[in-house]
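Peer 1: Everything below, folded, please.
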Amino acid sequence: MEGGCPLRHKQLFSLRRQEKKGVGMRRKISFNEGWEFSKDGISWQKVSLPHTWNAVDGQDGGNDYWRGCASYRKEFDHVPGENCVFLEINGAFSIADVFLNGTNLVHHAGGYSTFRTDLTDKLQAKNVLLVQVDNSANDYVYPQKADFTFYGGLYRDVNLIEVPRHHFDLTTDGTPGIHVTPIVKGTTAYVTVETRQCGEGDVTMTVAGMVKRVPSDHGCAKAMFEIGNVHLWNGVEDPFLYEAKAEFGGDCVMTKFGCRSFAFDPEKGFILNGKVYPLRGVSRHQDRWGLGNALTIREHQEDMDLIREIGANAIRLAHYQHAQEFYDLCDEYGMIVWAEIPYITEHMPKGRQNTLDQMRELITQCYNHPSIVCWGLSNEIAVHGVSDDLIENHRLLNDLCHQMDPTRPTAMAHAFMLEQDSPLVSLPDVSSYNLYFGWYLGTLEQNDQFFDSYHRKYPERIMGFSEYGADANVQFQSPKPEQGDYSEQYQCLYHEYILGCIDRHPWLWSTFAWNMFDFAADGRDEGGAHGLNQKGLVTFDRKTRKDAFYLYKAAWNHMEPFVHICGRRYVDRTEDLTEVKVYSNCSEVTLLVDGKEAGTQSGSRVFAFHVPITGEHVVEARADGCSDTIRVRKVSEPNASYSLNQNKGVANWFDESDFDSSCYSIRDSLGTLMSNPATAAIVGALMKKMTASRGEVAQSASNNANLQRMMAGMSLESLLKKAGDAVPAEMVKALNDRLQSIHK
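Peer 2: Residues are numbered from 1 along each chain as shown. Alright, predicted model coming up:
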């Protein structure tokens, strides 16, 4: 037994001298092949990395995916030489222990960051490497409760790194070995390059063709460079990158960096290189259908291509550290990035050190990326309330960020039920709210009301819109969309309103649609899908752009003219006069039905035509040389596959005789019903069922006192309309009957 797991079915990997480019040079060798995997240490299967054991059960609903300790092992030969050998693991969720030939070399707690360990002194001619990875529930490593699946595994690349005896630091918080700080003043950039190295001697640094040789002082070296007439990194318009290189003892490290200035203003929003630069972006979860979080550069590039197509200029990389390859893409394409750690939903008193460790690793590993403009401390952390310990944890994080990086502000994303006067809101340098009025509860207009109220009270504060969204299942189509029906049409109406809300509040420092892509949340069971959050503008497999995707493309993409007809999946239509909605970034759209012009409209983003239908029709939209076509068909009965078996028009299930005003009913407010012990017991059981369908986070949030106050004035009937398929029609009828049996 080694590390608790027996070793069988050895596989070989040989580091042969002839593979190397030369003694004393850094060499990174992919270590992704030739692994075996076991959940029990008895049965082993061959795998290649990246790998997760939850690619299937973490995406099928039921909140029952396997969380436990599993093992990866690999055998390889080693030819002794002059170099040092390090193991690099870029992602192991969430606790990992590395054993080489039976010796535990490193323990790492945190599932999203890079860590390395020195193998040199433990290497033998023949070696067995064992990595135990554990995604079991615990009370000290974040995340533990959140609305996404915690995939276990070695889900990012694993490498061997060979370096000379004197080399740049590899082990401190997964450092890239080189630290670049550009400060722009006028047309000049003052660039500080810092390195840490093992051993003494001179370090040669090169920036923009300028070379400096500086001594290593107690393992540290530092040099300043001036770049005149600097070429700025200017967002999506011109994301120019410089390169910094450092050489020491035969070792060499390089990094790209960008020179830019940015600021945040309570009235102007975000400012890039001295100009107002409204951040209009999306959030991204890294997983996808059938792969989980075990991605390659191909999947990262595809995600970036879709984000660029929509015209976004900012990305919130939620809710954890993403792959370095994706941060690199953000740098290359000029995306502004909000980076954050997975301090989310539920504060754990024993998890303080882990938040500090994960933040330290995030900043160390991502410091050089010009795309990143803030460090996110937490997300919706006050769902269970605000304690002194929680506030102190945030103060320590805030101080750590300022100590490690005085050039970037700290940020937080708050749930909509957090009071605006909470000390958490003003604790970081900039804040944002996640608002879902018009989806989970309330009305769309409340989004405007919330920001209007906040800005009146705190005009000096910098505030953003960190999440907003509505679920849509591309199967569900409706001519009369309603809040909670999961139709593409309601998702479109929701985002049309929110885009207007954003326009009405230009002082918001950033806005991020939640989410660019559907993602796995195994605890969810709603909207005709299991284990899936369907707020994405693109489906989980990246194969289908939902109609709302094209709304944002019309608003944000000014590079390529296009026209898109909504409702292509809404083929069977019962109405005599149907709406044909068109999204376009052109100023004029012409509609043709069966080849004949049906109308021309001038406008912006959204063009709505009303077309009589009698049979099968071909509908075409044209604008600025572009065209799009759909087919529709007049039918007598609604297509049953287009809707959920859900609570549409709750009031239509009842006659007025079903309501005795002297007794309680679903028409009463939630506050009224919860004030009576008998009705409170009935409604409480119902609310528990409704929140359970939306996962652990919704269940946790349901106990939030401020949320309960917000919901108290809403009628139970209105809440049932928003519940979707969580409460079927017959249950609502039975519920009202029970309430009607209790006199006021």
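Peer 1: wait, what's in contact with residue 311?
Peer 2: Applying C-beta atoms under 8 Å, 6 or more residues apart in numbering to residue 311 gives the contacts 280, 552, 553, 555, 556, 557, 558, 559. Quick note: C-beta positions are derived from backbone N, CA and C, even for glycine.
Peer 1: how close does it get to residue 333?
Peer 2: Separation of residue 311 from residue 333 (C-beta to C-beta, to the nearest Å): 12 Å.
Peer 1: next one: residue 659
Peer 2: From residue 659 across to residue 333, the span is 58 Å (C-beta to C-beta).
Peer 1: can you pull out the helices in the chain?
Peer 2: Per DSSP state H, the chain carries helices over the ranges 297-310, 324-333, 352-366, 388-404, 423-426, 445-457, 488-504, 547-556, 670-674, 677-692, 695-701, 705-712, 716-722, 729-740.
Peer 1: Go through those and pick out the most buried.
Peer 2: helix 547-556 (a mean of 24; mean count of other C-beta atoms under 10 Å).
Peer 1: ok, back up a step: may I see the helices of the chain organised as TSV, with mean pLDDT and distance to residue 468 added?
Peer 2: Formatted as TSV, the helices of the chain follow (pLDDT from 0 to 100; distance: least, C-beta to C-beta, whole Å):
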stretch	mean pLDDT	distance to residue 468
helix 297-310	98	15
helix 324-333	98	21
helix 352-366	98	25
helix 388-404	98	23
helix 423-426	96	18
helix 445-457	96	7
helix 488-504	98	5
helix 547-556	98	12
helix 670-674	86	23
helix 677-692	80	20
helix 695-701	62	16
helix 705-712	71	17
helix 716-722	76	16
helix 729-740	80	28
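Peer 1: Between those, which one is closest to residue 231.
Peer 2: Among the helices of the chain, helix 324-333 comes nearest to residue 231, with 14.2 Å by C-beta to C-beta.
Peer 1: ok, and what's touching that closest one?
Peer 2: By C-beta under 8 Å, 6+ apart, the residues outside helix 324-333 that reach it are 90, 114, 233, 236, 239, 241, 256, 258, 286, 297, 300-301, 303-304, 308, 315, 317, 335, 337, 339, 365-366, 369-372.
Peer 1: What residues does the residue nearest to residue 553 when sequence neighbours are not counted make contact with?
Peer 2: Nearest residue to residue 553, sequence neighbours excluded (C-beta to C-beta, 6 or more residues apart in numbering): residue 310, at 5.1 Å. Residue 310 makes contact with 282, 516, 537, 549, 552, 553, 556, 557, according to C-beta under 8 Å, 6+ apart.
Peer 1: Am I right that the fourth one is in contact with residue 555?
Peer 2: In other words, residue 549. No. Between residue 549 and residue 555 there is no contact under C-beta atoms under 8 Å: 11.1 Å.
Peer 1: Now for this structure, the helix or strand with the poorest mean pLDDT.
Peer 2: strand 14-15 (a mean of 44; mean pLDDT, DSSP states H and E).
Peer 1: Low-confidence ranges, this structure, go.
Peer 2: Residues of the chain meeting the criterion pLDDT under 70: 1-24, 645-657, 692-706, 722-729.
Peer 1: Quick check: can you list the domain ranges of it?
Peer 2: 14-164, 173-260, 276-552, 572-640, 656-740 (automatic domain parsing).
Peer 1: deepest of those domains, which one?
Peer 2: Per residue and on average, the most neighbours among those fall to domain 276-552, with a mean of 21 (mean count of other C-beta under 10 Å).
Peer 1: Hmm, residue 407 is touching residue 180, no?
Peer 2: No. Contact status for residue 407 versus residue 180: not in contact, 11.0 Å apart, counting by C-beta under 8 Å.
Peer 1: For residue 315, list the residues it contacts.
Peer 2: 281, 282, 283, 284, 307, 330, 335, 336, 337, 338, 512, 516.
Peer 1: How about the third one: what's its closest non-neighbour residue?
Peer 2: Take residue 283 and drop its neighbours on the chain: the residue closest to it by C-beta to C-beta, 6+ apart is residue 316, 4.2 Å away.
Peer 1: Isn't that neighbour up against residue 466?
Peer 2: Yes. Using C-beta under 8 Å, residue 316 makes contact with residue 466 at a distance of 6.5 Å.
Peer 1: what residues are shared contacts of the two?
Peer 2: Shared contacts of residue 316 and residue 466, counting by C-beta under 8 Å, 6+ apart, come down to 283, 338, 510, 512.
Peer 1: what's the most distant pair in the residues you listed?
Peer 2: Distance extremes for the shared contacts of residue 316 and residue 466: the farthest pair is 283 and 510 at 10.8 Å, using C-beta to C-beta.
Peer 1: show me what contacts the nearest residue in space to residue 635 that is not next to it in sequence?
Peer 2: Once flanking residues are discounted, residue 635 sits nearest to residue 572: 4.5 Å by C-beta to C-beta, 6+ apart. Contact analysis of residue 572 by C-beta under 8 Å, 6+ apart lists 633, 635, 638, 639, 642.
Peer 1: Closest one to residue 201 out of the residues you listed, please.
Peer 2: Minimum separation from residue 201 among the contacts of residue 572 (C-beta to C-beta) is found for residue 642, which lies at 71.1 Å.
Peer 1: What are the phi and psi values at the nearest residue to the closest one once chain neighbours are set aside?
Peer 2: Leaving aside its chain neighbours, residue 642 sits nearest to residue 477 (4.4 Å; criterion: C-beta to C-beta, 6+ apart). When read as degrees, to the nearest 10, the backbone of residue 477 gives phi -130, psi 140.
Peer 1: Spit out the contact partners of residue 477.
Peer 2: Contacts of residue 477 (C-beta under 8 Å, 6+ apart): 487, 488, 489, 567, 569, 570, 639, 642, 643.
Peer 1: Looking at the residues you listed, which is nearest residue 216?
Peer 2: Nearest to residue 216 among these, counting by C-beta to C-beta, is residue 488 at 60.1 Å.
Peer 1: can I assume the closest one is in contact with residue 547?
Peer 2: Yes. The criterion here is C-beta under 8 Å, and residue 488 meets it with residue 547 at 5.0 Å.
Peer 1: okay, and the common contacts of those two?
Peer 2: Shared contacts of residue 488 and residue 547 (C-beta under 8 Å, 6+ apart): 566, 567.
Peer 1: Same list (the helices of the chain) but as TSV, adding distance to residue 221.
Peer 2: Converted to TSV, these look like this (distance: least, C-beta to C-beta, whole Å):
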stretch	distance to residue 221
helix 297-310	32
helix 324-333	23
helix 352-366	17
helix 388-404	18
helix 423-426	39
helix 445-457	47
helix 488-504	46
helix 547-556	43
helix 670-674	64
helix 677-692	55
helix 695-701	46
helix 705-712	51
helix 716-722	59
helix 729-740	69
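Peer 1: nearest to residue 663, of those?
Peer 2: Comparing these under C-beta to C-beta, the one sitting nearest is helix 729-740, at 4.7 Å.
Peer 1: Let me see the ranges of the strands in the stretch 501-650 of the chain.
Peer 2: Counting by DSSP state E, counting those that start in this stretch, the stretch 501-650 of the chain has strands at residues 511-513, 519-526, 529-533, 563-565, 572-573, 577-584, 588-593, 596-602, 605-612, 616-623, 626-634.
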